[in-house]
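1. Structure, please.
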Amino acid sequence: PRERLPFPLRHGLSALVRPGAGTVSSILALGLGTLVVLHIALVQRDFSRQLAADLPANAPTAFLLDVQADQWAGVSALLSDQGATRIDSVPVVTARLTAIDGTGTADLAARSKGDARRQRWALTREQRLTYLTALPSDNRIVAGSLWSDPAAAEVSLEEEFAGRIGASIGSVLDFDVQGVPLKLKVTSLRSVDWRTFGINFFLVVEPGVLEKAPQLRLAAARLPKESEARIQDLLARAFPNVLLIRTREVLERVASVATRMGEAVRVLGAFSVLAGLVILAGSVSAGSARRVREVALLKVLGVTRAGAAAALGVEYALVGLVAGLVGTLGATILSGAVLKAAFEVSFRPDPVLLALAPFGVALLAAAAGLAVSVRALRVRPLEVLRGE
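-> I've put the predicted structure just below:
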């Protein structure tokens with residue numbers, strides 16, 4: 001029963017629903033500030049975790065583009081001489097997708113629904129094909145079989161790309177390979193772990209089909225950190241057409257920018273919490289006369305100054321606790337939605353952080369409320385009664 005609760009707790013619970021207490025505005029302000037701060041903390045935590053996990057220890061630190069087929073031997077030798085490891089290269093053939101199962105891609109793009117922009121882009125972009133005997137380790141067949149139809153030239157599609165263009169097992173894709181028509185039958189779908197940063201393609205063609213087509217090579221390697229600039233200079237002198245993209249520097253820059261943005265938004269979120277505390281303090285100050293009479297009445301009824309302070313502290317703490325719970329719940333829902341929709345990152349809530357946040361807000365609210373209630377606690381009951 002409520003009567004068995006300690007007096008400070010009974011008083012605080014009653015004060016939450018007392019008319020004119022300003023409880024709702026204080027809870028909304030503090031709850032919004034908590035939501036902002038906690039949301040940023042949760043998003044940055046999971047985003048940073050995913051960013052670190054997405055760069056394995058053996059991931060390539062550089063990609064080489066536009067390598068001519070007859071240049072690859074020299075490029076590979078130069079990389080090896082300079083200490084590069086995990087050197088990999090695949091052929092790349094550019095082509096245009098012209099039809100799927102006899103229907104032109106222009107017509108398919110015009111009929112596209114759902115995520116229309118991405119679907120039209122997938123149908124009309126210049127496609128890059130490669131040919132491989134075996135798939136990389138970060139590819140997994142999820143439907144069909146690889147190179148299983150001797151009667152047709154085969155192609156394996158990445159499963160999400162296949163969904164965007166509306167292709168499935170058995171579909172026939174028509175390509176224009178620099179003026180030469182080519183028909184390929186879809187015999188398998190693949191899932192690709194793009195987080196490995198390995199060389200991967202939406203379309204992989206079986207060997208024996210594209211070897212005579214005009215092509216370039218795409219390469220990847222792990223470069224010694226201290227030699228990256230030197231390797232880039234040597235490549236520019238020996239093979240001026242080859243473009244070297246240093247991914248280590250790009251990823252470090254992205255991580256740095258993400259960290260700074262998180263710090264900046266957390267500061268803004270802290271201002272939101274501060275604004276909530278100011279509103280709480282303002283509502284307490286606005287009712288200072290009523291608060292003085294209330295404390296005086298408590299003292300007349302035998303409550304000590306410490307007991308009155310405890311009652312007020314519990315009241316403010318309960319306001320903060322409710323605001324903290326509301327903000328924490330909102331931040332959890334919002335963070336999960338943002339990470340999934342915007343970054344495609346799995347949300348892993350931190351139980352310790354989520355459990356401590358409401359209590360942290362409660363402590364801040366209690367401290368702010370008591371700070372502006374010092375005068376009410378110091379006034380003697382006799383002074384109040386004489387004023388009445």
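2. Sort out which residues of stretch 190-197 are buried, please.
-> R190, V192, T196, F197 (16 or more other CB atoms under 10 Å). From N, CA and C alone the C-beta is placed, and that goes for glycine too.
3. In this structure the third one contacts R86, no?
-> I take that to be T196. No - the criterion here is CB atoms under 8 Å, and T196 misses it with R86 at 11.3 Å.
4. what about the helices in the stretch 101-250 of the chain?
-> 105-110, 116-124, 159-165, 228-238, 247-286 (DSSP state H, counting those that start in this stretch).
5. Least confident of the ones you listed, on average?
-> Looking at the helices of the stretch 101-250 of the chain, the lowest mean pLDDT belongs to helix 247-286 (a mean of 68).
6. what pLDDT does L32 get?
-> 80.
7. any idea how far it is from V186?
-> In this structure, L32 and V186 are 51 Å apart, going by CB to CB, to the nearest Å.
8. One more: P349?
-> Look at P349 and V186: by CB to CB, they are 40 Å apart.
9. okay, these two: which has more neighbours?
-> V186 (24 against 15; other CB atoms under 10 Å).
10. give me the beta-bridge partners of that one?
-> Following DSSP bridges, V186 is listed with bridge partners V155.
11. wait, isn't it in contact with F161?
-> No - V186 is not in contact with F161 according to CB under 8 Å; the separation is 10.9 Å.
12. for the protein, which strand is longest?
-> strand 85-100 (DSSP state E).
13. what's the neighbour count on L356?
-> A count of neighbours around L356, defined by other CB under 10 Å, yields 13.
14. Equivalent analysis for L42, please.
-> By other CB under 10 Å, neighbour count at L42 equals 25.
15. For it, give its distance to I333.
-> 11 Å.
16. Quick check: chain neighbours aside, which residue is closest to R190?
-> Spatial nearest neighbour of R190, excluding adjacent residues (CB to CB, 6 or more residues apart in numbering): N139 at 4.9 Å.
17. and that neighbour, what is it in contact with?
-> With contact taken as CB atoms under 8 Å, 6 or more residues apart in numbering, N139 is in contact with R190, S191, V192, D193, N200, V204.
18. Including pLDDT and distance to L28, could the residues you listed go into TSV?
-> TSV is the format used below for the contacts of N139 (pLDDT from 0 to 100; distance: CB to CB, whole Å):
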residue	pLDDT	distance to L28
R190	96	50
S191	95	45
V192	94	46
D193	87	44
N200	93	48
V204	97	55
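19. Which of the residues you listed sits closest to A357?
-> Using CB to CB, D193 comes nearest to A357 of the contacts of N139, at 34.1 Å.
20. My guess is that closest one contacts L135. True?
-> No - counting by CB under 8 Å, L135 is not a contact partner of D193; they are 11.6 Å apart.
21. anything in contact with each of the two?
-> The contact sets of D193 and L135 do not overlap (CB under 8 Å, 6+ apart).
22. quick one on the thing from earlier: return the distance of the residue nearest to R190 relative to P60.
-> Using CB to CB, N139 is found at 16 Å from P60.
23. Same question for V205.
-> Between V205 and P60 the computed distance is 23 Å (CB to CB).
24. can you check A213 too?
-> 25 Å.
25. is it fair to say L334 lies in a strand?
-> No - according to DSSP: H, G, I helix; E, B strand; the rest coil, L334 belongs to no strand; its state is helix.
26. What about it, how many residues nearby?
-> If you count neighbours by other CB under 10 Å, L334 ends up with 16.
27. wait, it sits on L35?
-> Yes - assessed by CB under 8 Å, L334 is found in contact with L35 at 7.0 Å.
28. what sits in contact with each of those two?
-> Common neighbours of L334 and L35 are not found (criterion: CB under 8 Å, 6+ apart).
29. Sort out which residues of the host helix or strand of A317 are buried, please.
-> Using DSSP states H and E, A317 maps to helix 305-338. Buried residues in helix 305-338, counted by 16+ other CB under 10 Å: 307-332, 334-336, 338.
30. ok, now how distant is the residue nearest to R190 from P351?
-> N139 sits at a distance of 36 Å from P351 (criterion: CB to CB).
31. Q178 too?
-> Distance of Q178 to P351, computed by CB to CB: 57 Å.
32. Could you check which of those two is surrounded by more residues?
-> Between Q178 and P351, counting by other CB under 10 Å, Q178 is the more crowded of the two (11 against 8).
33. Hmm, the more buried one is touching A213, no?
-> Yes - contact criterion CB under 8 Å: Q178 and A213 qualify, at 7.3 Å.
34. Many thanks, we can stop here.
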